[in-house]
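Student: next come a sequence and a model predicted from it.
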Amino acid sequence: MYDHGFLYGDGIFEGIRAYSGNVFKLREHIDRLYSSAKATMLDIPLTKKEMINAVVEALRKNELYEDSYIRLVVSRGEGDLGLDPRKCTKSKVIIITDEIKLHGREAKEKGLTAIISWVKRDPVDATSHEIKSLNYLNSILAKLEANNAQVDEAICLNKEGFVCEGVAENIFTVTNDLVVTPPTSTGALRGITRQVAIDIAKALGYVVAKKGVTPADLFLADEVFFTGTAAEIVPVVEINKRKIGDGRPGPVTRKLMEKYRQLVKDPAHGTSVR
Ligand code: PXG
């Protein structure tokens, strides 16, 4: 009850997926968890190697040898009813493993609808989403707006008005075959799926740029898509009632989705449960 993760959102997390027993990009997720820990001065009582083993062990114990979802949470631990982290002497590690519902087939085929939210991304000199902390109220407020507008997702701008990311996804545009994603200096998370999408796009011969994206850039793009561990690669076909391109998932997005589907099962890009 007095855990500061619960009382103050004082903690960090990772969301990870396994495909056919391959924990996709586990090492990269663990690296990012420890980076979040460093930035928030949180001590994790396990080495990276022990953490990797603990994740695999949890999947084995729960007999999740195929597709699964892993949530790693490290909270500041038990303290008192004051926010001073010095009161918390022992951080707490929680590993949740679950089955993943194979949702989103329709979203992948038809694409998502989205709105640009009035809720601005927390600035980089505040509770920046560059750090994957338990502070997600910023995303949740944006998601509420999407729900109220009866669309699938929300897109967050930063204080300067540049496009940052989705609520739990990075965002890309494709315009005249140029693939663009906002730099993390907008306040976006250094997404693991984002990097995979960049690598795939480059391997397919596309030029990829990390540069500023404006709302107008979104409206006028040929294609827009989200990337994220949960979302994977998913097309966005409508933003604030503007059709993106012809309003259907575009060819570049579909190519990236296809390659991504192959990659996630590749043991070269993950850690085996068996
Ligand atoms: N931006 C934010 C703010 C995120 O939280 C991403 C981008 C995409 O990053 P990855 O590394 O996943 O490509 C995230 C990821 C969940 C959930 O169930 C959330 C995320 C990942 C997995 C599950 O809420 N956020």
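Tutor: Right, received. Where do you want to start? On a predicted model such as this, the values are computed, not experimentally measured, just so you know.
Student: least trustworthy helix or strand in the protein by mean pLDDT?
Tutor: In the chain, the helix or strand scored least confidently by mean pLDDT, DSSP states H and E is helix 105-110, which has a mean of 88.
Student: centre of the chain versus that helix, how much separation?
Tutor: Helix 105-110 has its C-alpha centroid displaced from the chain centroid by 19 Å (C-alpha atoms, centre = their mean, to the nearest Å).
Student: with stretch 81-89 instead?
Tutor: The gap between where stretch 81-89 is centred and where its chain is centred comes out at 29 Å by C-alpha atoms, centre = their mean.
Student: next, the buried residues of it.
Tutor: When neighbours are counted by 16 or more other C-beta atoms under 10 Å, the buried residues of stretch 81-89 are found to be 85, 88. C-beta: built from backbone N, CA, C; applies to glycine.
Student: residue 193 and residue 227 touch, don't they?
Tutor: Yes: Residue 193 is in contact with residue 227 according to C-beta atoms under 8 Å; the separation is 4.0 Å.
Student: picking up where we left off before, could you point out which element follows the least confident helix or strand of the chain?
Tutor: Per DSSP states H and E, the first helix or strand lying C-terminal to helix 105-110 is strand 112-116.
Student: report the buried residues of the next helix-or-strand element following that next one.
Tutor: If you walk from strand 112-116 toward the C-terminus, the next helix or strand you reach (DSSP H and E) is helix 137-148. Taking 16+ other C-beta under 10 Å as the neighbour-count basis, helix 137-148 is seen to contain the buried residues 138, 139, 141, 142, 143, 145, 146.
Student: for these, which one is nearest the ligand?
Tutor: Lowest distance from the ligand to the buried residues of helix 137-148 (C-beta to the nearest ligand atom) belongs to residue 139, with 6.0 Å.
Student: so what's the closest one up against?
Tutor: Each residue near residue 139 by C-beta atoms under 8 Å, 6 or more residues apart in numbering is listed here: 129, 156, 167, 168.
Student: who's the residue of the chain found nearest the ligand bridged to?
Tutor: Relative to the ligand, the nearest point of the chain is residue 15 (2.4 Å; C-beta to the nearest ligand atom). In this structure, residue 15 has the following beta-bridge partners (DSSP bridges): residue 71.
Student: what about this structure, any weak spots by pLDDT?
Tutor: Counting by pLDDT under 70, the chain contains low-confidence residues at 102-103.
Student: where do the helices sit along it?
Tutor: 4-8, 26-39, 48-61, 105-110, 137-148, 192-203, 215-220, 251-263 (DSSP state H).
Student: give the burial count for residue 50, as a bare number.
Tutor: Around residue 50 sit 13 other residues, with neighbours defined as other C-beta atoms under 10 Å.
Student: distance check, it against residue 31.
Tutor: Relative to residue 31, residue 50 is positioned 14 Å away (criterion: C-beta to C-beta, to the nearest Å).
Student: near the ligand, which residues of this protein are found?
Tutor: 15, 129, 139, 165, 168-170, 189, 191-194, 227-230 (C-beta under 6 Å from any ligand atom).
Student: apply 8 Å and report the result again.
Tutor: Proximity of the chain to the ligand is confined to 14-17, 28-29, 32, 69, 71, 129, 132, 136, 139, 165-170, 188-196, 227-231 under the rule C-beta under 8 Å from any ligand atom.
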